[in-house]
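Q: Attaching a predicted model along with its sequence, questions to come.
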Amino acid sequence: MTNSLDAFYSALSDPTRRAVIERLVRGPAPVSELHAPHDIALPTFLRHLKVLEAAGLVRSEKAGRVRTVHIEALALADAEGWIERQRRIWEARLDRLDALAERLETESPPKEP
């Protein structure tokens with residue numbers, strides 16, 4: 001899981017790759033459509049797609065001369081699960097800290113001016 005999370009976050013560290021993922025959330029798209037809004041050479045853009053594919057975030061399939069890219073929800077779900085576990089851990093810690101602060105506040109003698 002750690003290696004897949006490392007690849008996930010590494011892949012999403014680039015704004016071009018994040019933009020591709022944001023576009024693919026709406027549905028599959030041909031490489032030409034994904035490349036169009038980016039002011040980079042096609043070979044450079046294809047390297048971005050390879051990084052996303054290696055991280056398990058997208059998959060592509062070729063039909064004739066058109067390569068279509070699809071989002072892979074499993075990688076997103078894995079990251080979401082990790083984030084949710086971290087959120088629960090930190091919420092529990094903050095709840096304990098809040099309880100300690102309340103206890104200390106009620107146990108401490110009143111302060112004199």
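A: Great, that's in hand. All values derive from a computational prediction rather than experimental measurement.
Q: Output the contacting helices and strands for the helix or strand that contains Ile83.
A: According to DSSP states H and E, Ile83 maps onto helix 73-107. Here helix 73-107 touches helix 2-11, going by 3 or more C-beta pairs under 8 Å, 6 or more residues apart in numbering; DSSP states H and E. (Each C-beta comes from the backbone N, C-alpha and C, glycine too.)
Q: quick check, distance from the helix it packs on to the centre of its chain.
A: Centroid separation for helix 2-11 versus its chain: 9 Å, with C-alpha atoms, centre = their mean, to the nearest Å.
Q: Quick one: mean pLDDT for the helix or strand that that helix is followed by?
A: Using DSSP H and E, the helix or strand that follows helix 2-11 towards the C-terminus is helix 15-24. Helix 15-24 comes out with an average pLDDT of 96.
Q: next structured bit after helix 15-24?
A: Using DSSP H and E, the helix or strand that directly follows helix 15-24 along the chain is strand 29-30.
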